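Chemist: need the 3D shape of this:
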Amino acid sequence: MPKKIIVKVPEILKARGLDARDLIFGAKISPDTAYNWADPDKASELNRAHFNTLLGIAEWLDLEMSDILEIMDDDT
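Modeler: All right, here's what the predicted structure looks like:
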């Protein structure tokens, strides 16, 4: 069965009271990248990512990469 990747960053940020601006400075990523990762609609459409971006977000949030991304069956 095909798989899809679920980006959990927007819900993590919301639960912690953080937003894209925090992500820019905390994870040291560009504003465009931060806004894409922080917005639930845009994050659900991401189809590629740089490992440095993933690592920066995970380290800043003090999480593992498996905490910010989830692989699920694609039922579509």
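Chemist: what pLDDT does the residue of the chain most remote from its centre get?
Modeler: For the chain, the residue at maximal distance from the C-alpha centroid (CA atoms, centre = their mean) is M1, at 23.9 Å. pLDDT, M1: 80.
Chemist: against D73, how distant is it?
Modeler: According to CB to CB, to the nearest Å, M1 stands 5 Å off from D73. (Glycine included, C-beta is placed from N, CA and C.)
Chemist: and if you look at H50?
Modeler: Counting by CB to CB, the gap from H50 to D73 is 26 Å.
Chemist: circling back: the residue farthest from the centre of the chain touches I71, doesn't it?
Modeler: No. Taking CB atoms under 8 Å as the definition, M1 is not a contact partner of I71, at 11.4 Å.
Chemist: which residue is the nearest non-sequential neighbour of the most centrally placed residue in the chain?
Modeler: The C-alpha lying nearest the average C-alpha coordinate of the chain belongs to V9 (CA atoms, centre = their mean; 3.7 Å). Leaving out its chain neighbours, the residue that sits closest to V9 by CB to CB, 6 or more residues apart in numbering is W37, at 4.9 Å.
Chemist: which parts of the protein are helices?
Modeler: With helices called from DSSP state H, the chain shows them at 9-15, 20-26, 31-38, 40-45, 51-61, 65-68.
Chemist: just the buried positions in the third one, please.
Modeler: When burial is assessed from 16 or more other CB atoms under 10 Å, helix 31-38 yields the following buried residues: 33-38.
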